[in-house]
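K.L.:
Here is my input, please return the structure:
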Amino acid sequence: MSMPMIAAAVGMMVCCSSSSAMMMMGGGEETPGPGAGGGGSDASGPTFDPPEVPTDEASTGQCYLSRYTDMRLAYRGDATKALTNSANRDVSCEISDEEAQCYLDRYSDARTYAGSDLNGARTHYYTVGQALGYDFVCPPGKKEIGCYMGNNPDMAAGLSAGGWGVEYNAFQHWNNTGKEAGLSYTCA
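P.N.:
Okay, here's the model as predicted:
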């Protein structure tokens, strides 16, 4: 490297943060920190600002399905129909700390994105998970009911497809019988 180039690089390092300068010198791009306020990363992982909670009808319908396993299974993802059966239930997209933690526990891509930050979990759900049909309900959700049927094939084989369908009937079986019997819904 010639002397003028070294001087320019040193000057750039003085006026810019060392990580930004190193990225520019290496030809890469600096990745902005997570969160609406550009929060950064520390030893415990990324930090996120509280996300803006969606309030439109399509989002609240999806949040409703993500909060209530019985509705997700009964209406098979049809949020508009599910909302017609929402009397006395929370239809907001406000995700509690417990729900955000359950979301992180369920989805590895959410953990990769947010670490252990609950606002990061909420942000991931609003920006990625909602479109993927992810649930933030604490177990058992749709994913765990699928595992419940896989873990207990004899029980699953005896379920009727009538009414709201096999998955819904498996969820009811777990609530009415399987939980007390100690049957597992844990996904391997």
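K.L.:
which intervals of the protein have sub-threshold pLDDT?
P.N.:
By pLDDT under 70, the weakly predicted segments of the chain are 1-45.
K.L.:
Contacts only, for residue 93.
P.N.:
Residue 93 makes contact with 53, 54, 55, 59, 60, 63, 126 under the criterion CB atoms under 8 Å, 6 or more residues apart in numbering. For the C-beta atoms, the positions are set from N, CA and C on the backbone; glycine is no exception.
K.L.:
Same question for residue 72.
P.N.:
Contacts of residue 72 (CB under 8 Å, 6+ apart): 65, 66, 82, 135, 137, 141, 142.
K.L.:
ok, of the residues you listed, which come out buried?
P.N.:
Among the contacts of residue 72, those classed as buried by 16 or more other CB atoms under 10 Å are 65, 66, 82, 135, 137, 141, 142.
K.L.:
and the closest residue to the last one other than its chain neighbours, which of the three is it?
P.N.:
When the adjacent residues along the chain are set aside, residue 142 lies closest to residue 72, with 5.2 Å between them (CB to CB, 6 or more residues apart in numbering). For residue 72, the reduced secondary structure class is helix; criterion used: DSSP: H, G, I helix; E, B strand; the rest coil.
K.L.:
now residue 72: how far from residue 143?
P.N.:
Applying CB to CB, to the nearest Å, the value for residue 72 to residue 143 is 10 Å.
K.L.:
neighbours of the closest residue to residue 114 other than its chain neighbours, just the number please.
P.N.:
Nearest non-adjacent residue to residue 114, counting by CB to CB, 6+ apart: residue 120, 2.7 Å away. With neighbours defined by other CB atoms under 10 Å, the count for residue 120 comes to 25.
K.L.:
what residues are up against residue 79?
P.N.:
By CB under 8 Å, 6+ apart, the contact list for residue 79 reads 58, 61, 62, 64, 65.
K.L.:
isn't the third one right up against residue 130?
P.N.:
In this case it means residue 62. Yes. Assessed by CB atoms under 8 Å, residue 62 is found in contact with residue 130 at 5.0 Å.
K.L.:
So between these two, which is more surrounded?
P.N.:
Neighbour totals were compared for residue 62 and residue 130, and residue 62 leads with 24 against 19 (other CB under 10 Å).
K.L.:
Could I get the phi/psi values of the more buried one?
P.N.:
Note on residue 62: backbone dihedrals following degrees, to the nearest 10 are phi -70, psi -40.
K.L.:
Residue 78 too?
P.N.:
When read as degrees, to the nearest 10, the backbone of residue 78 gives phi -80, psi 90.
K.L.:
if we can go back for a sec, filter the contacts of residue 93 down to the buried ones.
P.N.:
For the contacts of residue 93, buried by 16+ other CB under 10 Å: 54, 59, 60, 63, 126.
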